[in-house]
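Quick one: sequence and predicted model below, then my questions.
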Amino acid sequence: MTAQEITQTVLVTGASSGIGQGIATAFGRKKANVVVNYYSDEEGANHTLDMIREAGGHGFVCKADVSKEDDVISMFAQTINEFGSLDVLINNAGIQKDSSFSSMTIEQWNKVISTNLTGHFLCAREAIKHFEATQRSKREGNAAGNIIFISSVHDIIPWAGHANYASSKGGILMLMKSLALEVAPKKIRVNSISPGAIATDINDEVWKDEEKKKELLKLIPYRRIGQPDDIGKVAIWLASAESDYITGTTIYVDGGMTLYPGFLENG
């Protein structure tokens, strides 16, 4: 199996825009079956599905709040009913509710943790249940299942004013590693992709403003802002048999943001 021959059915949470949309369409270009999960942006989800189909893939749109257990269980049931199985879970759905720490409300804290961390737990749990139940081939080079968490460079970089978000991403890091260790003997692979600054709607007020963009680029040694497709390409490879010996690992796709860019000229 090559990187061109990816697994058949992929569930992407939070796929109505941004990084999730970029990943979903990347799998569409590989002719995969893609489940496009969304919570509120139905129009965006349908646009993602259109791009998947135009690229030669197949799929359907599924509304679900990943922080709600019943929604997640229903989403997985719909996936199995439609395609018969699941090969790859892309745990992508995430939100920000920014605030200084002393002003942060319990609602802001709980909403971010519920979506970004609990949601990833619930989806990963249902995927593991399916992978264990199907007992598919465990031949060398052929994983029984694949989970990819989409995290952030803020799983290791502190972020003032975003304590809830950074805490959720740090939690994903240890959730991913603990899960990878537990299910590796079952030939189930679990990894993370941690993006840096990616041009999406959530931060368009920065990358669309020339002055703010100039300041942001100071944090990126590679001197460009990433695109959703930069993440999609890595997800394709990480879901393929070419990366079969990789589990419990985070790939930072950040143009060097985690390399302490402040030391670029002042080390």
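On my side now, so go ahead.

going forward, measure contacts between C-alpha atoms and count neighbours the same way
Fine.

buried sites along the helix or strand encompassing residue 216?
Using DSSP states H and E, the element containing residue 216 is helix 210-217. Residues of helix 210-217 classed as buried by neighbour count (16 or more other C-alpha atoms under 10 Å): 213, 216, 217.

Any idea how many residues pack against residue 40?
Other residues near residue 40 come to 13 when the count uses other C-alpha atoms under 10 Å.

Would you mind pulling up the elements that the helix or strand of the chain with the lowest mean pLDDT packs against?
When the helices and strands of the chain are scored by mean pLDDT, DSSP states H and E, helix 204-207 comes last with a mean of 72. Judged by 3 or more C-alpha pairs under 8 Å, 6 or more residues apart in numbering; DSSP states H and E, the packing partners of helix 204-207 are helix 210-217.

The helix it packs on packs against which elements?
With contacts taken as 3+ C-alpha pairs under 8 Å, 6+ apart, helix 210-217 sits against helix 204-207.

shouldn't residue 119 be in contact with residue 66?
Yes: judged on C-alpha atoms under 8 Å, residue 119 makes contact with residue 66 at a distance of 4.6 Å.

Other residues contacting stretch 147-158?
By C-alpha atoms under 8 Å, 6 or more residues apart in numbering, the list of residues contacting stretch 147-158 from outside reads 88-92, 120, 124, 127, 166-173, 176, 188-196, 235, 238-239, 252, 254, 257-258.

which parts of it are buried?
Of the residues in stretch 147-158, those buried (16+ other C-alpha under 10 Å) are 147, 148, 149, 150, 151, 152, 153, 154, 155.

Regarding the third one, what is its secondary structure?
Under the three-state scheme (DSSP: H, G, I helix; E, B strand; the rest coil), the conformation of residue 149 reads as strand.

Residue 34 now?
Assignment for residue 34 (three-state DSSP): strand.

give the contact list for it.
Under the criterion of C-alpha under 8 Å, 6+ apart, the neighbours of residue 34 are 9, 10, 11, 12, 24, 27, 28, 52, 57, 58, 59, 60.

Let's see that with 7 Å instead.
With contacts defined as C-alpha atoms under 7 Å, 6 or more residues apart in numbering, the neighbours of residue 34 are 9, 10, 11, 24, 28, 58, 59, 60.

Report the beta-bridge partners for it.
The bridge-partner assignment for residue 34, based on DSSP bridges, gives residue 10, residue 59.

how close does it sit to residue 79?
Distance of residue 34 to residue 79, computed by C-alpha to C-alpha, to the nearest Å: 9 Å.

do residue 98 as well
Taken as C-alpha to C-alpha, the spacing of residue 98 relative to residue 79 amounts to 33 Å.

Mark which of the contacts of stretch 147-158 are part of strands, please.
88-91, 188-195, 252 (DSSP state E).

Work out for me the element the nearest residue to residue 114 once chain neighbours are set aside sits within.
What sits nearest to residue 114 in space, not counting adjacent residues and going by C-alpha to C-alpha, 6 or more residues apart in numbering, is residue 67, at 5.3 Å. Under the criterion of DSSP H and E, residue 67 resides outside all helices and strands.

What are the neighbouring residues in contact with residue 67?
For residue 67, the contact set (C-alpha under 7 Å, 6+ apart) comprises 114, 115, 118, 119.

and which of these is nearest to residue 181?
Within the set of the contacts of residue 67, residue 118 lies nearest residue 181; the separation is 19.1 Å, counting by C-alpha to C-alpha.
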